[in-house]
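**Q** I need the structure of the sequence given here:
(2 chains)
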Amino acid sequence: MSERTLPADQAMEPEGAPPLLEVRDLTVTFAGRVGLGAGLVGRKATVSRAVDGVSLQLRQGEVLALAGESGCGKTTTARAIMGLEPPREGQILFQGKPISKRLRAYRRKVQMIFQDPTGALNPRQTIYESVAEGLRIHRIHRGPNGETEQELVARALSRAGMRPPERFFLNYPHELSGGQRQRVVIAGALVLDPVMLVADEPVSNLDASVRGEILRLLLQLRDDLGLAILVVTHDLGLAWTIADRVAVMYLGRIVEIGPAEDVLTKPLHPYTEALLNVVPEAGGLDRPILTGEPPDPTRIPPGCRFHPRCPEVASGAARAAGVEERCLGEDLGLLELRPEHFAACHLAAVAVGKGQAVTMAEPQA
Amino acid sequence: MSLLSVRDLFVSYPTQGGPVPAVRGVDIEIGKGEVLGLAGESGCGKSTIAGALLRLLPTGTEVTGSILLNGEDVLGMKPGRLRAVRWTETSIVFQGAMHALNPVQRVGEQIEEAILIHQQAGQREARVRVGGLLEQVGLPPRRIRDYPHELSGGQKQRVMIAMALACNPSLVVADEPTTALDVMVQAQVLQLLNELQRDLGLAMLFITHDLSVLIEVCDRLAIMYAGRIVEEGPARSVFYESAHPYTRALAAAFPAIGEGRFRKAPSGLPGDPPYPQDLPTGCTFHPRCPLAFEACPHIDPGLFDVSPGWRAACLLVDSAKPVLEGAPTHGHGQ
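**A** Just a heads-up that it's a prediction; the model follows:
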């Protein structure tokens, strides 16, 4: 994707400073499923483009929510950012440098929080051991101010809301509640003094009444420690409660990104609108619901990848606006249709009067 | 007469440390064609109630109280009668559609099996009915020959729903029917359940932890905490004007997008739901309650009327309204 379609964040940064994290044209592919006989008849394996040209930036102290249905590539994007999936194309820059260069140091500064705290903790390790593990892996024996390991573990637990921390040192995960376990996982991340957290569905396995507390903790860590947080979620309500910006993914691409208020209350992309339509609310079942399921990422539709399910195409609105042909045939990247608010939609571009001016050929093609 | 009438239901599970009370005195009434939502967090006893209704709980579980289905006592039924009632009068849609289907049997045959066992229908007749059921739940009839792995999660849940409808039950118990599904598919399945419920005049007990799902599909809503119903009433009133502080906190976990009061303000409750074997004294919610006062740890509140047909188990509701001594805790009008 060319420079002019990237979110123009530079203005927000201190003079000349690169964003904390910059993802450029990231593509991650997996070998697709092959039928049992395919190898025998010499058919080639299909390639599944799980992430297909994602660009995003994350500033220090910013909370960005990456939202979409399962299979849209949001978790794969997060894993690639963590260096857990090799990108096929594109770059991931942290503080201006590719992460592949100093992966170990990078992984100390960027910590991941997973969905299921029970699975993330070793059931046979005490809480102390679990939290201290990161320090040991990174061979950190003393804190920056000469703190002992025990002091570092205690501080991390306390920051994660486990107070007094000493009380939990010798507990095992099964002795804690789900919310406490997630706090321990967060403490395990904090103990390494990260500057960025990647949280993959951090509360979806927790009880409803506990979720808010964990989200509040994440916001507080952002405020107190200046952490940048990338939250992967399927829940737009969650994005509304904690995110500064929201990126909506569909079939391996970001189709809309911008300030949370704009994206969630004045969506530009029909897919974002469809996602907002299914956020449960009284009487909401009368709103239109997209039919079907996202297509298989081995067979990405031509043109706008959303067009086979797009209600604007189906209803004829796209045709009436004279863009249907482009929807069906012309792939497009993100267009800045409002300040800081980008969407990949031919119709929205026309609607805001930028139809011809900003339309451009898809760079990946 | 209501279709389902549960009175004073107590369920406790045997454990090495003694019996653990999972449900502690619950009353439920569901009329014909009515949809009751039962919400609460994990461990509150809501799925235990689903299991108790059809006596699906593990042996050794102690169940007391009464469960009347069409006036017939479920707890006293002989095995043969019970088997006949399951599926034909009451059926269940379980949470894990992925695991509830037999992976090595075609889905059509699995639905057919339920029909053949419970109704005196011939093979041919059953097959026709399966085709009709699949169409009803929005699946193309050719899916009849598919194995579960060939279907997506949403499609499998549709098969489960078709199976639940196979023997024309009058009550469907849906236990977290959409929890494992994606947001878009969840909305599709909810819409389907809603349509079927309306078209067939089904009564439903809809159980989920997701309160926001319930206001879309339910007439009435019951909120459980620590084995008891703490608030019960018209769905929208309970969700939007919650009388119980717990309901209020639970409802706040499902923020309305666009509303300023939720923006950058996640709200939750401190602490965790109590262990059933170690319940707090008085009102079981008092240790987490933002409004608790001196009396709360000492008085176990019953359900007080907020307004006709809407009750909450909170002393604050009590003090705001005249006390209804000896008022029945069930039997509200349908």
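**Q** Now residue A:342, what are its backbone angles?
**A** phi -110, psi 140 (degrees, to the nearest 10).
**Q** wait, it sits on residue A:336?
**A** Yes. Contact criterion C-beta atoms under 8 Å: residue A:342 and residue A:336 qualify, at 5.2 Å. All C-beta atoms are positioned from the backbone trio N, CA, C, and that covers glycine.
**Q** of the two, who's got more company?
**A** Higher neighbour count among residue A:342 and residue A:336: residue A:342, with 24 against 19, using other C-beta atoms under 10 Å in any protein chain shown.
**Q** Let's see the pLDDT reported for the closest residue to the more buried one other than its chain neighbours.
**A** Closest residue to residue A:342 apart from its sequence neighbours, by C-beta to C-beta, 6 or more residues apart in numbering or on different chains: residue A:334 at 3.9 Å. For residue A:334, the model assigns a pLDDT of 95.
**Q** For chain B, see how far away residue A:334 is.
**A** 22 Å (C-beta to the nearest C-beta, to the nearest Å).
**Q** Please give me every residue in contact with the residue of the stretch 1-150 of chain B found nearest chain A.
**A** Of all residues in the stretch 1-150 of chain B, residue B:41 sits closest to chain A, at 4.1 Å by C-beta to the nearest C-beta. By C-beta atoms under 8 Å, 6 or more residues apart in numbering or on different chains, the residues touching residue B:41 are A:207, A:208, A:209, B:209, B:225, B:250, B:273.
**Q** where's it, which helix or strand?
**A** Assigned by DSSP states H and E, residue B:41 falls within no helix or strand.
**Q** cool, residue B:6 as well?
**A** strand B:4-13.
**Q** Can you classify residue A:166 as helix, strand or coil?
**A** Following DSSP: H, G, I helix; E, B strand; the rest coil, we place residue A:166 in the helix state.
**Q** how deep is it tucked in, by neighbour count?
**A** Neighbours of residue A:166 using other C-beta under 10 Å come to 14.
**Q** And what about the closest residue to chain A within the stretch 201-334 of chain B, helix, strand or coil?
**A** Chain A sits closest to residue B:268 of the stretch 201-334 of chain B, with a gap of 2.5 Å, by C-beta to the nearest C-beta. Reducing the assignment at residue B:268 to three states with three-state DSSP gives coil.
**Q** Check it and give its pLDDT.
**A** Residue B:268 is given a pLDDT of 84.
**Q** what about the helix ranked longest in chain B, near chain A?
**A** The residue-count maximum for a helix in chain B (DSSP state H) belongs to helix B:183-200. Yes. Helix B:183-200 is in contact with chain A by C-beta under 8 Å from any C-beta of the partner chain, via B:183, B:184, B:185, B:186, B:187, B:188, B:190, B:191, B:194.
**Q** Just give me the neighbour total for the last one.
**A** Spelled out, it's residue B:194. Using other C-beta under 10 Å, the number of residues around residue B:194 comes to 17.
**Q** same thing with the first one?
**A** Counted with other C-beta under 10 Å, the burial measure for residue B:183 works out to 21 neighbours.
**Q** pretty sure residue A:300 belongs to a strand, no?
**A** No. Looking at residue A:300 with three-state DSSP, it is coil, so not inside a strand.
**Q** who's in contact with it?
**A** Counted by C-beta under 8 Å, 6+ apart, residue A:300 has contacts A:49, A:52, A:251, A:252.
**Q** Let's see which of these end up in strands.
**A** Secondary structure from DSSP state E places A:49, A:52 of those in strands.
**Q** Let me see the residues that make contact with the strand holding residue B:6.
**A** Against strand B:4-13 from outside (C-beta under 8 Å, 6+ apart): B:19-30, B:45, B:48-49, B:52-53, B:57-58, B:60-69, B:90, B:171, B:203, B:205, B:330.
**Q** any low-confidence regions in the stretch 151-300 of chain A?
**A** Judged by pLDDT under 70, the stretch 151-300 of chain A has its weakly predicted residues at A:281-285.
**Q** again, only this time at 80
**A** A:280-287, A:292 (pLDDT under 80).
**Q** swap in the stretch 151-300 of chain B?
**A** Checking the stretch 151-300 of chain B against pLDDT under 80 turns up B:180.
**Q** follow-up on the earlier one: and the helix or strand just after the longest helix of chain B, how far out from the chain middle?
**A** The helix or strand immediately downstream of helix B:183-200 is strand B:203-208, counting by DSSP H and E. How far strand B:203-208 lies from its chain's middle: 4 Å, per C-alpha atoms, centre = their mean, to the nearest Å.
**Q** Give me the sheet partners of strand B:203-208 and which way each runs.
**A** Paired strands of strand B:203-208, with direction, are strand B:35-39 (parallel), strand B:171-175 (parallel) (DSSP bridges).
**Q** Could you list every helix and strand in contact with the longest helix anywhere in chain A?
**A** Longest helix in chain A by number of residues (criterion: DSSP H): helix A:208-225. When contacts are defined as 3 or more C-beta pairs under 8 Å, 6 or more residues apart in numbering or on different chains; DSSP states H and E, helix A:208-225 packs onto strand A:63-67, helix A:149-159, helix A:178-190, strand A:196-200, strand A:228-233, helix A:236-242, helix B:245-252.
**Q** mind listing what's buried in the helix or strand harbouring residue B:24?
**A** Per DSSP H and E: residue B:24 is located in strand B:20-30. Buried residues in strand B:20-30, counted by 16 or more other C-beta atoms under 10 Å in any protein chain shown: B:21, B:22, B:23, B:24, B:25, B:26, B:27, B:28, B:29, B:30.
**Q** And for the closest residue to chain B within chain A, nearest residue in space, chain neighbours not counted?
**A** Residue nearest to chain B within chain A (C-beta to the nearest C-beta): residue A:212, separated by 2.5 Å. In space, and not counting its chain neighbours, residue A:212 is closest to residue B:268: 2.5 Å by C-beta to C-beta, 6+ apart.
**Q** got a list of what that neighbour touches?
**A** A:209, A:210, A:211, A:212, A:213, A:214, A:215, A:216, B:249, B:252, B:253.
**Q** what about residue A:27, distance to residue A:297?
**A** Computed as C-beta to C-beta, to the nearest Å, the residue A:27 to residue A:297 distance reads 11 Å.
**Q** Give the residues shared as contacts by those two.
**A** A:49, A:52.
**Q** what about the nearest residue to residue B:219 once chain neighbours are set aside, neighbour count?
**A** Leaving aside its chain neighbours, residue B:219 sits nearest to residue B:35 (5.1 Å; criterion: C-beta to C-beta, 6+ apart). By other C-beta under 10 Å, 24 other residues sit near residue B:35.
**Q** Provide the partner residues of residue B:35 in its beta bridges.
**A** Under DSSP bridges, the beta-bridge partners of residue B:35 are residue B:204.
**Q** just checking, it touches residue B:221?
**A** No. Here residue B:35 does not reach residue B:221: they are 9.6 Å apart, not a contact under C-beta under 8 Å.
**Q** Who are the contact partners of residue B:222?
**A** By C-beta under 8 Å, 6+ apart, the neighbours of residue B:222 are B:28, B:36, B:37, B:38, B:39, B:229, B:231, B:232.
**Q** And the last one, which helix or strand is it part of?
**A** If I follow you right, that is residue B:232. Counting by DSSP H and E, residue B:232 is part of strand B:228-234.
**Q** partners of that strand in the sheet?
**A** For strand B:228-234, pairing defined by DSSP bridges yields strand B:220-225 (antiparallel), strand B:310-312 (antiparallel).
**Q** now the angle from that strand to strand B:20-30?
**A** Going by axes from the mean of the first three to the mean of the last three C-alpha atoms, to 10 degrees, strand B:228-234 is angled at 20 degrees with respect to strand B:20-30.
**Q** could you redo the buried residues of strand B:20-30 as CSV and give each row pLDDT?
**A** As requested, those are exported to CSV (pLDDT from 0 to 100):
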residue, pLDDT
B:21, 93
B:22, 94
B:23, 96
B:24, 95
B:25, 95
B:26, 96
B:27, 96
B:28, 95
B:29, 95
B:30, 96
